[in-house]
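>>> Build me a model from this:
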Amino acid sequence: MASNAIVNMFKVKELRERILFTLAILAVYRFGSVLTVPGINPQALIAFFSEQVRGSAFVDYMDFFVGGAFSNFSVFMLGVMPYISTQIVMQLALIIFPTLKKIAQEDGGQKKVQAWTRIGTVLVCFIQSAAVTVYANQIPDAIVITNNFLFRFVAIVSVTTGTMITVWLGEQITARGIGNGISMLIFAGIVARLPSAVLDLIRMIRRGDINPVFFFVVLIMFVVIIGLVIYEQQGQRKIPVHYAKRVVGRKMYGGQSVYIPFKINPSGVIPVIFASSFLTFPLQIATSLGPNVRWLNKLAVFLTPSGWAYNIFLVLLIVFFAYFYTQVTLNPVELAKNIRENGGSIPGIRTDKTEEYLQKVLNRLVLPGSLYLAGIAVLPTVIQTVFGFPQSIAMLMGGTSLLILVGVDLDTMSQVEAQLKMHHHEGLVKRGRIRSRNL
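Alright, predicted model coming up:
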């Protein structure tokens with residue numbers, strides 16, 4: 001019993017406190033997901049969404065990231081998606097505008113960027129929550145406040161405040177808990193949807209709506225893809241670097257060979273989260289305002305999550321964000337500069353060609369890695385089209401959900417293992433070690 005990893009996790013005081021704190025924050029987040037916005041009738045929502053009326057596919061898509069909070073019209077109905085979308089825009093702005101990048105590199109520059117990101121998040125929340133109030137007007141008997149202006153004001157303030165509280169909860173997990181807070185909240189939302197999806201699937205199999213053979217085929221695909229995702233995570237391209245000997249004072253430094261580990265997919269699951277959140281904003285606006293604006297209605301139909309246009313954009317955005325995020329986190333120019341400044345060189349590569357060589361290696365890794373992510377991300381559409389699974393179930397049995405679940409799990413387990421080994425306990429696995437996806 002003494003060597004049990006679960007027992008050891010709660011023996012270490014610091015780790016135990018971090019785990020319990022994370023669980024407490026997730027419990028608060030789940031409670032907020034069922035706390036309805038003031039002025040909304042919950043019974044009307046249940047009756048509306050249980051009839052599978054127009055827009056249910058869009059609601060299933062939105063619920064996917066927030067664990068059912070959107071269909072509940074809760075204060076956390078937008079989740080962390082506005083924050084992620086704003087972060088994407090801010091990161092792009094730092095690359096496009098050199099002045100902003102210079103400000104970010106100054107002392108206290110990151111705090112300024114963070115403050116701008118928060119302000120931008122509030123503006124995005126105002127726009128999305130305003131669209132939500134229009135969508136609520138389409139639900140019969142959903143609004144109990146007769147004054148339309150008062151309802152919109154209360155709803156916009158409640159949803160915007162709820163989103164900023166969600167972001168704050170994620171930051172608290174990152175600082176005082178286990179894992180990346182924002183990713184953990186998305187993970188919790190997906191996991192919260194699994195029990196109801198499994199029950200719906202069992203009911204459909206019993207009614208004969210889904211062929212049991214198809215179910216077992218999809219289940220095997222699910223298990224195989226999990227194995228492939230983990231196997232892909234372990235793959236590395238090791239770039240050897242040799243450091244020449246140099247004397248500083250009375251000490252000699254260098255004279256050793258190390259390697260730079262480049263993963264097959266250096267950006268992890270970040271491109272999938274970025275691409276999904278980037279598409280969520282126009283999709284929600286178009287669907288919410290579509291009945292009142294003709295061209296937005298056409299855009300909503302065009303961007304249907306199960307449609308070919310949405311999946312093409314999803315693939316292109318995943319490839320783009322894979323290159324973009326890798327370039328930001330593993331900048332070949334900075335890597336080459338650090339190698340040269342420390343007297344290092346890559347065997348067989350001229351010193352002035354180091355940057356070009358590293359860029360070439362990264363390009364060869366990122367393209368197949370991003371296409372691999374994109375292939376898994378469009379899997380729900382394949383399951384839905386070929387096997388006849390409903391969107392709510394298909395999205396949870398493959399694609400983005402699978403990548404996020406496996407990625408966050410690996411990242412969290414790696415942090416737990418590091419804490420255990422730091423306190424002289426065995427890790428979570430007896431052989432080898434768990435590698436983080438660097439979420």
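
>>> Would you check that Phe302 makes contact with Ala309?
Yes - contact status for Phe302 versus Ala309: in contact at 5.2 Å, counting by CB atoms under 8 Å. The way it works is simple: take the backbone N, C-alpha and C, and place the C-beta from them, glycine included.

>>> shared neighbours, these two?
Residues touching both Phe302 and Ala309 (CB atoms under 8 Å, 6 or more residues apart in numbering): there are none.

>>> What are the buried residues along stretch 387-396?
By 16 or more other CB atoms under 10 Å, the buried positions in stretch 387-396 come out as 387, 389-396.

>>> Low-confidence regions, the stretch 101-250 of the chain specifically.
Applying pLDDT under 70 to the stretch 101-250 of the chain flags residues 233-234, 245-250.

>>> ranges for the strands of it?
Per DSSP state E, counting those that start in this stretch, the stretch 101-250 of the chain carries strands over the ranges 236-243, 246-248.

>>> Pull the contacting residues for Gly290.
Contacts of Gly290 (CB under 8 Å, 6+ apart): 296-297, 299-300.

>>> for Thr385, same thing?
Ser306.

>>> separation between it and Ile178?
Thr385 sits 38 Å away from Ile178, going by CB to CB, to the nearest Å.

>>> what does Gln327 give?
Separation of Gln327 from Ile178 (CB to CB): 29 Å.

>>> which of those two has more neighbours?
Ile178 (22 against 17; other CB atoms under 10 Å).

>>> Does that one touch Arg16 like I think?
No - using CB under 8 Å, Ile178 makes no contact with Arg16, being 10.5 Å away.

>>> on that earlier part again, and the buried residues of stretch 387-396, which is closest to Ala142?
Checking the buried residues of stretch 387-396 against Ala142 by CB to CB gives Ser392 as the nearest, at 20.6 Å.

>>> before we move on, the earlier item: okay, among the contacts of Gly290, which ones form the most distant pair?
Within the contacts of Gly290, two members stand farthest from each other by CB to CB: Asn297 and Leu299, at 7.2 Å.

>>> higher neighbour count, these two?
Between Asn297 and Leu299, counted using other CB under 10 Å, Leu299 has the larger neighbour count: 18 against 15.

>>> Just confirm that one contacts Ala286, I think it does.
Yes - counting by CB under 8 Å, Ala286 is a contact partner of Leu299 at 4.2 Å.

>>> May I see the buried residues of stretch 387-396 arranged in CSV, with secondary structure and distance to Asp209 as well?
Formatted as CSV, the buried residues of stretch 387-396 follow (DSSP: H, G, I helix; E, B strand; the rest coil; distance: CB to CB, whole Å):
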residue, secondary structure, distance to Asp209
Phe387, helix, 11
Phe389, coil, 10
Pro390, coil, 9
Gln391, helix, 14
Ser392, helix, 13
Ile393, helix, 11
Ala394, helix, 13
Met395, coil, 17
Leu396, coil, 17
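
>>> ok now do Ser392, which residues does it touch?
60, 63-64, 193, 197, 200.

>>> List the buried residues for stretch 220-238?
By 16+ other CB under 10 Å, the buried positions in stretch 220-238 come out as 221, 225-226, 229-230, 232-233.

>>> send the alpha carbons of it over as PDB?
Output in PDB follows, covering the C-alpha atoms of stretch 220-238 (Å, rounded to 0.1, in the frame of the first residue of the first chain):
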ATOM      1  CA  ILE A 220     -12.400   0.500 -31.500                       C
ATOM      2  CA  MET A 221     -11.600   3.700 -33.400                       C
ATOM      3  CA  PHE A 222     -11.800   5.700 -30.200                       C
ATOM      4  CA  VAL A 223      -9.400   3.400 -28.300                       C
ATOM      5  CA  VAL A 224      -7.000   3.200 -31.300                       C
ATOM      6  CA  ILE A 225      -6.900   7.000 -31.700                       C
ATOM      7  CA  ILE A 226      -6.200   7.400 -28.000                       C
ATOM      8  CA  GLY A 227      -3.200   5.100 -28.400                       C
ATOM      9  CA  LEU A 228      -2.000   7.000 -31.500                       C
ATOM     10  CA  VAL A 229      -2.300  10.300 -29.800                       C
ATOM     11  CA  ILE A 230      -0.200   9.100 -26.900                       C
ATOM     12  CA  TYR A 231       2.300   7.400 -29.200                       C
ATOM     13  CA  GLU A 232       2.600  10.600 -31.300                       C
ATOM     14  CA  GLN A 233       3.200  12.600 -28.100                       C
ATOM     15  CA  GLN A 234       6.300  10.400 -27.300                       C
ATOM     16  CA  GLY A 235       7.900  11.000 -30.700                       C
ATOM     17  CA  GLN A 236      10.900  13.300 -30.800                       C
ATOM     18  CA  ARG A 237      13.500  14.500 -33.200                       C
ATOM     19  CA  LYS A 238      16.700  15.000 -31.300                       C
END
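
>>> starting at the chain centroid, how far to that stretch?
In terms of CA atoms, centre = their mean, to the nearest Å, the centre of stretch 220-238 is found 18 Å from the chain centre.

>>> same check, this time on stretch 212-219
27 Å.

>>> repeat for stretch 205-223
Distance, centroid of stretch 205-223 to centroid of chain: 27 Å (CA atoms, centre = their mean).

>>> how close does the most centrally placed residue in the chain get to Lys337?
Central residue of the chain (CA atoms, centre = their mean): Ile273, 3.6 Å from the mean position. Applying CB to CB, one obtains 30 Å for the distance of Ile273 from Lys337.

>>> what's the answer for Val34, then?
Taking CB to CB, one finds Val34 at 51 Å from Lys337.

>>> what do you get for Val406?
As judged by CB to CB, Val406 and Lys337 stand 34 Å apart.

>>> Ok, Tyr310 next?
In terms of CB to CB, Tyr310 sits 41 Å off from Lys337.

>>> How about Tyr29?
41 Å.
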